[in-house]
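Chemist: Sequence unavailable; structure follows:
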């Protein structure tokens with residue numbers, strides 16, 4: 001893999017599900033959530049309605065902040081994708097979020 005490889009995701013989405021704040025075995029705060037996105041994008045010169053739901057996780061201070069947010073609140077999330085060792089689907093690891 002090249003050192004120039006990029007794994008970065010920017011997504012505007014609402015918090016559809018929010019787990020309870022938990023702690024990793026190392027004592028790091030963590031929270032699991034599901035995000036939902038809806039928008040219109042242009043594909044092949046045609047407008048297309050897009051909906052997506054994605055599992056996400058946050059750790060540390062970001063997890064503590066996210067755990068206090070309301071369901072349905074809309075944010076701009078920034079992070080990277082990773083597939084858990086026992087999973088089939090990528091999970092967004094949220095590194096930052098802000099009001100959209």
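Modeler: Looks like it came in fine. All values derive from a computational prediction rather than experimental measurement. Numbers count the residues shown, from 1 in each chain.
Chemist: Now do residue 2, the pLDDT please.
Modeler: Residue 2 carries a pLDDT value of 62.
Chemist: and if you look at residue 26?
Modeler: On pLDDT, residue 26 comes in at 96.
Chemist: How about residue 87?
Modeler: 82.
Chemist: what packs against the helix or strand hosting residue 14?
Modeler: Using DSSP states H and E, residue 14 sits within strand 9-18. Secondary-structure packing of strand 9-18 (3 or more CB pairs under 8 Å, 6 or more residues apart in numbering; DSSP states H and E): strand 29-43, strand 46-59, strand 74-82. The C-beta positions use only the backbone N, C-alpha and C, and glycine is treated the same way.
Chemist: switch to 6 Å and redo it
Modeler: Contact partners of strand 9-18 among helices and strands, from 3 or more CB pairs under 6 Å, 6 or more residues apart in numbering; DSSP states H and E: strand 29-43, strand 74-82.
Chemist: Report the angle between that strand and strand 29-43.
Modeler: If you take axes from the mean of the first three to the mean of the last three CA atoms, to 10 degrees, strand 9-18 sits at 120 degrees to strand 29-43.
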